[in-house]
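Peer 1: what's the 3D shape of this:
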Amino acid sequence: MKIHDLKPAEGSNRARKRVGRGIGGKGGKTAGRGTKGQRARGSVPAGFEGGQMPLHMRVPKLRGFNNPFRVEYQALNLDVIDESGLDVVDPEALLAKSLVGKGSLVKVLGRGEITRAVTVKAHAFSKSAEAAIRAAGGTVEILPLPWGDRRPPAQGNHLTNR
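Peer 2: The predicted structure follows:
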């Protein structure tokens, strides 16, 4: 069998209907478009709804919400700290070993085990990671965020705050 012997299954492809080719056959003269009017003349753009606001313009765009106070951390797990061989783990030492990116905030997570006492300095810790480090005889130090607290002040009752 060669490529030119291949054919589609019988009845799977049909020739398209050729309209507007004279009065001799079906689909001549007005070619199934009726008489007169906008739709008979081929001047209706795709998606046109007769002057009504089209669906693609009615659907809302740019949905969602970007939280300006979101803090993005780079995750660092206990097994990575254990394998790193560092005694004092801080963002600078991790950057030197290419374990975190430049200027990224570090959050230590509890995957894996830590088998030795280490001092870990990071911007955030999960509860399981903090417990595991302390159980191994290590210490945990939470570093302040470089910009401080960006949250807006708490909203209270304006009558009681006089």
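Peer 1: Please report how far the residue sitting furthest away from the middle of the chain lies from residue 18.
Peer 2: No residue in the chain sits farther from the centre than residue 24, which is 58.2 Å out by C-alpha atoms, centre = their mean. Applying C-beta to C-beta, to the nearest Å, the value for residue 24 to residue 18 is 12 Å. For glycine as for every other residue, the C-beta is placed from the backbone atoms N, C-alpha and C.
Peer 1: for residue 117, helix, strand, or coil?
Peer 2: Three-state assignment for residue 117 (DSSP: H, G, I helix; E, B strand; the rest coil): coil.
Peer 1: these two touch, right, it and residue 136?
Peer 2: Yes. When contacts are counted by C-beta atoms under 8 Å, residue 117 is listed as touching residue 136 (5.8 Å).
Peer 1: Which one's more surrounded, those two?
Peer 2: For residue 117 versus residue 136, the count of surrounding residues by other C-beta atoms under 10 Å is larger for residue 136: 15 against 12.
Peer 1: Report the contact partners of that one.
Peer 2: Taking C-beta atoms under 8 Å, 6 or more residues apart in numbering, we find residue 136 in contact with 114, 115, 116, 117, 118.
Peer 1: any chance you could map the strands in this structure?
Peer 2: Using DSSP state E, the strands of the chain run over 73-77, 88-89, 105-109, 119-122, 124-125, 139-142.
Peer 1: Now tabulate the ones you listed in JSON lines and tack on distance to residue 96, mean pLDDT and mean neighbour count.
Peer 2: Below are those laid out as JSON lines (distance: least, C-beta to C-beta, whole Å; pLDDT from 0 to 100; neighbours: other C-beta atoms under 10 Å):
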{"stretch": "strand 73-77", "distance to residue 96": "14", "mean pLDDT": "94", "mean neighbour count": "17"}
{"stretch": "strand 88-89", "distance to residue 96": "11", "mean pLDDT": "93", "mean neighbour count": "18"}
{"stretch": "strand 105-109", "distance to residue 96": "13", "mean pLDDT": "95", "mean neighbour count": "20"}
{"stretch": "strand 119-122", "distance to residue 96": "14", "mean pLDDT": "95", "mean neighbour count": "20"}
{"stretch": "strand 124-125", "distance to residue 96": "21", "mean pLDDT": "95", "mean neighbour count": "19"}
{"stretch": "strand 139-142", "distance to residue 96": "18", "mean pLDDT": "95", "mean neighbour count": "13"}
